[in-house]
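**Student:** mind folding the following:
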Amino acid sequence: MRLGRLSVLPVSAAFLVFAVAAASGSPVIPPTADEVFHLSAKSDHPGSLVLTWTIAPDTYLYRDRIAVMLSSQTVSPPLEPGIVVNDQVFGPTEIYRDHLETRIEVPVAMSGGRLTVSYQGCAEHKLCYPPVVKSIDLKTLAIGDAPD
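**Tutor:** Presented below is the predicted three-dimensional model:
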């Protein structure tokens, strides 16, 4: 059985592995979202946090699927314009390839708190990853999975 293009939005990892294996005829385990969308954080001066995504070849992040929360408030990070593509699922939409960087201003009073970042992307003509949600400790800049 040969599957054509596959676009999958929030589903289990087991289904993604099955779908890729069925399409290729052999068991294939795709890289994880953390492997293809590597997020890092640094502070170059007090009150400022730089978020950087390194995006693997043949993958992309959706611009409108990037969200940032500080405490319980939504923060609108300044995002550069993306590349407009005609997505099979969403129609015309902006994406990022290779690299994305944005700066978040963090009030000094919240510098000991946590920032929550969510994002979603796809592998070119293969599969879409479920949304990723990360938590960043603003004191240490350690990044981990956000608690449920």
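
**Student:** and what about Asn86, helix, strand or coil?
**Tutor:** Classification of Asn86 using DSSP: H, G, I helix; E, B strand; the rest coil returns strand.

**Student:** can you tell me the SS state at Met69?
**Tutor:** Per three-state DSSP, Met69 ends up strand.

**Student:** so what's it closest to, chain neighbours aside?
**Tutor:** Thr116 (4.3 Å; C-beta to C-beta, 6 or more residues apart in numbering). The C-beta positions use only the backbone N, C-alpha and C, and glycine is treated the same way.

**Student:** so the one you found makes contact with Ile66?
**Tutor:** No - counting by C-beta atoms under 8 Å, Thr116 does not reach Ile66; the two are 11.9 Å apart.

**Student:** gap between the two ends of stretch 46-66?
**Tutor:** Stretch 46-66 has its terminal residues 24 Å apart, counting by C-alpha to C-alpha, to the nearest Å.

**Student:** and stretch 89-99, by the same measure?
**Tutor:** Span of stretch 89-99 from end to end, C-alpha to C-alpha: 23 Å.

**Student:** please identify the buried residues of it?
**Tutor:** Using 16 or more other C-beta atoms under 10 Å as the test for burial, stretch 89-99 gives Thr93, Glu94, Ile95, Tyr96, Arg97.

**Student:** how about stretch 38-58?
**Tutor:** Buried-residue list, stretch 38-58, by 16+ other C-beta under 10 Å: Leu39, Ala41, Leu49, Leu51, Trp53, Ile55.

**Student:** what about the strands in this structure?
**Tutor:** Assigned by DSSP state E, the chain shows strands spanning 37-45, 48-55, 59-62, 67-70, 73-75, 83-87, 91-96, 99-105, 114-119, 121-123, 127-128, 132-137, 143-145.

**Student:** with that, I have no additional questions.
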